[in-house]
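Peer 1: The following comprises the amino acid sequence and a computationally predicted model.
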Amino acid sequence: MTELEQLPATGRRTAQRLAFHILRSEDADVLTVYDPNGGYGHPDHVHVHAVGHRAAELAGTPAVPGSPSVATPLPP
């Protein structure tokens, strides 16, 4: 089990929710995140990628250089 998987799911969801609200409130054009490997595998950077990439997907904000995805806005 990776360090990321050991983090409480509530912590990840809280971080994603906070990032989502910041992206929406700032009307962000893009979010820069680490690649899925965290640049060089550092666990904190991997976590930043996972949280940032998911928050960007939910907010409909492109995330780079993360893997390509289709942004999925939250339902009303």
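Peer 2: Yep, it's here.

Peer 1: Could you use CA atoms for every contact and neighbour count after this?
Peer 2: OK.

Peer 1: Grab the most central residue of this protein for me.
Peer 2: Gly52 (1.7 Å; C-alpha atoms, centre = their mean).

Peer 1: In this structure Ala59 contacts Ser25, no?
Peer 2: No: checked against C-alpha atoms under 8 Å, the pair Ala59 and Ser25 is beyond contact range at 9.9 Å.

Peer 1: buried ones in the one helix or strand Arg13 maps to?
Peer 2: Arg13 belongs to helix 9-25 when assigned by DSSP states H and E. Buried residues in helix 9-25, counting neighbours by 16 or more other C-alpha atoms under 10 Å, are found at 12, 15-17, 19-20, 23-24.

Peer 1: Switch the residues you listed over to CSV; also include pLDDT and distance to Ala63.
Peer 2: Formatted as CSV, the buried residues of helix 9-25 follow (pLDDT from 0 to 100; distance: C-alpha to C-alpha, whole Å):
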residue, pLDDT, distance to Ala63
Arg12, 81, 17
Ala15, 88, 16
Gln16, 87, 13
Arg17, 86, 16
Ala19, 90, 12
Phe20, 89, 12
Leu23, 92, 11
Arg24, 92, 13
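
Peer 1: could you redo those as CSV and give each row distance to Val46?
Peer 2: Formatted as CSV, the buried residues of helix 9-25 follow (distance: C-alpha to C-alpha, whole Å):
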residue, distance to Val46
Arg12, 12
Ala15, 14
Gln16, 14
Arg17, 17
Ala19, 16
Phe20, 18
Leu23, 20
Arg24, 23
